[in-house]
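> Everything below, folded, please.
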Amino acid sequence: MRIKMNNYKIAIVQSRFNPEITDSLSSACIEKLKQHGVHEDNINLFYVPGAVELPLASKLLAKKKDVDAIVCIGAVIKGDTDHYQYVCEQVNYGCQKVALEQEIPVIFGVLTVPTYELALARAGDDLSLNKGVECADAAVEMLKFIKEIEAA
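Purely as a prediction, here's the structure:
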């Protein structure tokens with residue numbers, strides 16, 4: 001079954017923390033979504049202060065029922081405290097909870113990495129490694145899956 005992507009609406013929620021990384025992830029995601037046929041006017045980018053705010057923003061967007069998928073973009077880099085572990089767990093759990101409760105794809109595009117250098121590698125110009133591209137692919141695949149299930 002061939003599914004046209006031009007009518008789907010995708011929200012990208014991006015953490016403002018580590019903008020040199022998250023801006024690159026969002027840009028790559030947007031470009032890949034357009035390559036998949038999602039119309040540029042149907043891609044909306046929203047900003048939140050940090051990764052912990054991604055689940056609430058996603059839930060608010062999902063409850064409005066005017067988006068078909070949500071991509072959460074962030075970068076949590078391990079430091080010298082336990083903060084990293086708590087943030088990663090909270091954000092992962094929160095995004096998954098929104099997806100299950102609201103029955104909408106919520107794609108987890110939050111880098112959880114031990115070093116800044118690794119984050120840069122996952123957000124760099126090599127699109128085969130850029131997590132933003134992977135997120136766009138996952139969003140499109142999930143939307144196609146949902147359409148196939150609905151048609152069955």
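> check contacts around Cys29.
Residues near Cys29 by C-beta atoms under 8 Å, 6 or more residues apart in numbering: 12, 71, 73, 109, 132-133, 135-136. Any C-beta I mention is one placed from the backbone N, CA and C, and that applies to glycine too.
> ok, it to Ile73 distance?
Note on Cys29: its distance to Ile73, by C-beta to C-beta, to the nearest Å, is 7 Å.
> With Asn7 instead?
Taken as C-beta to C-beta, the span from Asn7 to Ile73 is 23 Å.
> ditto for Val133
12 Å.
> Please say which of the two ends up with more neighbours.
Ile73 (31 against 20; other C-beta atoms under 10 Å).
> That one touches Gly109, doesn't it?
Yes - Ile73 lies in contact with Gly109 (C-beta atoms under 8 Å); the separation is 4.6 Å.
> Quick check: neighbours shared by those two?
Residues touching both Ile73 and Gly109 by C-beta under 8 Å, 6+ apart: 25, 29, 132, 135.
> nearest spatial neighbour of the last one, skipping sequence neighbours?
Closest residue in space to Cys135, ignoring its immediate chain neighbours: Gly109 at 3.9 Å, by C-beta to C-beta, 6 or more residues apart in numbering.
> ok now the host helix or strand of that neighbour, how far from the chain's centre?
Using DSSP states H and E, Gly109 sits within strand 106-113. Mean-position distance between strand 106-113 and its chain equals 7 Å (C-alpha atoms, centre = their mean, to the nearest Å).
> Could you list every helix and strand in contact with that strand?
If you count contacts as 3 or more C-beta pairs under 8 Å, 6 or more residues apart in numbering; DSSP states H and E, strand 106-113 packs onto helix 19-35, helix 54-64, strand 69-77, helix 83-102, helix 116-122, helix 131-151.
> Among the ones you listed, which comes closest to Asn42?
helix 19-35 (8.7 Å; C-beta to C-beta).
> could you give the angle of the closest one to helix 131-151?
For helix 19-35 against helix 131-151, the angle by axes from the mean of the first three to the mean of the last three C-alpha atoms, to 10 degrees is 40 degrees.
> tell me the contacts of the closest residue to Tyr84 other than its chain neighbours?
Using C-beta to C-beta, 6+ apart and skipping the chain neighbours, the partner closest in space to Tyr84 is Lys78 (4.4 Å). With contacts defined as C-beta under 8 Å, 6+ apart, Lys78 is in contact with 84, 113-115.
> Which of these are buried? Put it as a PyMOL command.
In PyMOL syntax, the buried subset of those is picked out as below (16 or more other C-beta atoms under 10 Å):
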select buried, resi 84+113
